[in-house]
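Student: pasting a predicted model and its sequence here:
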Amino acid sequence: MTTGPTTDSVPEMSRWWSVWRQLPLLVALVALWCFLWDHIDALTIVSGIVLAVLVTRTLYLPPVLLSGRFNVWRGLLLGLRMMFDVVVASLQVAWFSINPWWKPMNSIIAVQLLTRSDLVTTLTAEAISVVPGTVVVDIDRERGLLYLHALGTRTAADIERTHLSVLGTEERIVLAIGTRAQAESVREARRERRAARASATGGSAPRGRHDASGPNGGTP
């Protein structure tokens with residue numbers, strides 16, 4: 001008499017799949033442990049593995065699972081754009097610092113992200129903070145909101161440009177490492193933004209949907 005697969009096999013497969021997707025995190029923690037000791041031997045590696053498993057299994061943190069997908073071309077574009085943004089922003093900040101006629105006017109801007117992935121949110125916040133002139137000051141994980149301090153936002157157009165820059169950074173990260181569903185969602189959002197701009201040609205710019213703060217930096 002033959003029997004089909006037991007129901008216990010499904011949770012078991014899910015458990016192993018979760019471990020496999022978190023394997024890069026475990027490897028990174030072991031590597032960090034070895035760097036801290038500045039010595040690599042069997043004892044250091046074994047103790048690093050034990051600590052990595054204990055940290056990921058006993059300390060409560062929101063689960064950060066990798067998508068299992070990496071687009072090399074999109075990853076290259078992400079890196080090149082990051083370097084370009086850092087260079088351009090550095091020159092702008094340098095010019096602001098030596099321009100005697102420049103009057104600082106900054107804003108705290110709330111940006112609604114397109115995804116709810118903790119990994120994408122964290123990477124987007126890090127990428128924004130690396131660029132001079134912008135720094136993330138708070139994250140609302142439940143609602144997927146980033147609050148960032150932006151330098152030189154004198155007009156509503158400057159706020160709009162900063163807002164779209166954040167969404168563009170998130171989009172490039174998702175297209176590089178996000179799931180296929182996340183990639184499709186950011187593409188759809190991009191098409192909607194382009195359609196909105198095209199329909200508003202000759203009229204006022206559609207700011208009501210994107211502006212997260214007023215010209216003086218206050219949030220609604």
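Tutor: Nice, I can see it.
Student: quick one: the helices in the chain?
Tutor: Here the chain has its helices, by DSSP state H, at 9-21, 23-37, 42-58, 72-98, 118-130, 156-177, 180-199.
Student: these: lowest mean pLDDT?
Tutor: Across the helices of the chain, helix 9-21 has the smallest mean pLDDT, namely a mean of 58.
Student: and stretch 180-193, C-alpha only, in PDB?
Tutor: Extracted C-alpha coordinates of stretch 180-193, given in PDB (Å, rounded to 0.1, in the frame of the first residue of the first chain):
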ATOM      1  CA  ARG A 180       9.200  39.700  -9.700                       C
ATOM      2  CA  ALA A 181       6.000  41.000  -8.200                       C
ATOM      3  CA  GLN A 182       7.700  44.000  -6.600                       C
ATOM      4  CA  ALA A 183       9.500  44.700  -9.900                       C
ATOM      5  CA  GLU A 184       6.200  44.700 -11.800                       C
ATOM      6  CA  SER A 185       4.600  46.900  -9.200                       C
ATOM      7  CA  VAL A 186       7.300  49.600  -9.500                       C
ATOM      8  CA  ARG A 187       7.100  49.400 -13.300                       C
ATOM      9  CA  GLU A 188       3.300  49.900 -13.100                       C
ATOM     10  CA  ALA A 189       3.800  52.900 -10.800                       C
ATOM     11  CA  ARG A 190       6.400  54.400 -13.200                       C
ATOM     12  CA  ARG A 191       4.000  54.000 -16.100                       C
ATOM     13  CA  GLU A 192       1.300  55.800 -14.000                       C
ATOM     14  CA  ARG A 193       3.600  58.700 -13.200                       C
END
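Student: pull out the buried positions in it.
Tutor: 182-183, 185-186 (16 or more other C-beta atoms under 10 Å). (Glycine included, C-beta is placed from N, CA and C.)
Student: now swap in stretch 105-120 and tell me
Tutor: Buried-residue list, stretch 105-120, by 16+ other C-beta under 10 Å: 107-111, 113-115, 117, 119-120.
Student: a markdown table for the residues you listed, including distance to R197?
Tutor: Below are the buried residues of stretch 105-120 laid out as a markdown table (distance: C-beta to C-beta, whole Å):
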| residue | distance to R197 |
| --- | --- |
| S107 | 22 |
| I108 | 25 |
| I109 | 19 |
| A110 | 21 |
| V111 | 18 |
| L113 | 20 |
| L114 | 17 |
| T115 | 22 |
| S117 | 26 |
| L119 | 30 |
| V120 | 24 |
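Student: so which of these are in strands?
Tutor: 107-111 (DSSP state E).
Student: nearest residue to M105 in space, ignoring adjacent ones along the chain?
Tutor: R154 (4.6 Å; C-beta to C-beta, 6 or more residues apart in numbering).
Student: now pLDDT and distance to D140 too, for the ones in strands among the buried residues of stretch 105-120, in CSV please.
Tutor: Output for these, formatted as CSV (pLDDT from 0 to 100; distance: C-beta to C-beta, whole Å):
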residue, pLDDT, distance to D140
S107, 90, 17
I108, 93, 13
I109, 93, 13
A110, 93, 8
V111, 93, 10
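Student: still on that earlier bit, the residue nearest to M105 contacts S107, correct?
Tutor: No. Contact criterion C-beta atoms under 8 Å: R154 and S107 do not qualify, at 9.0 Å.
Student: hmm, back to that, G168: which of the ones in strands among the buried residues of stretch 105-120 is nearest?
Tutor: Distance to G168, by C-beta to C-beta, is smallest for V111 among these, at 11.1 Å.
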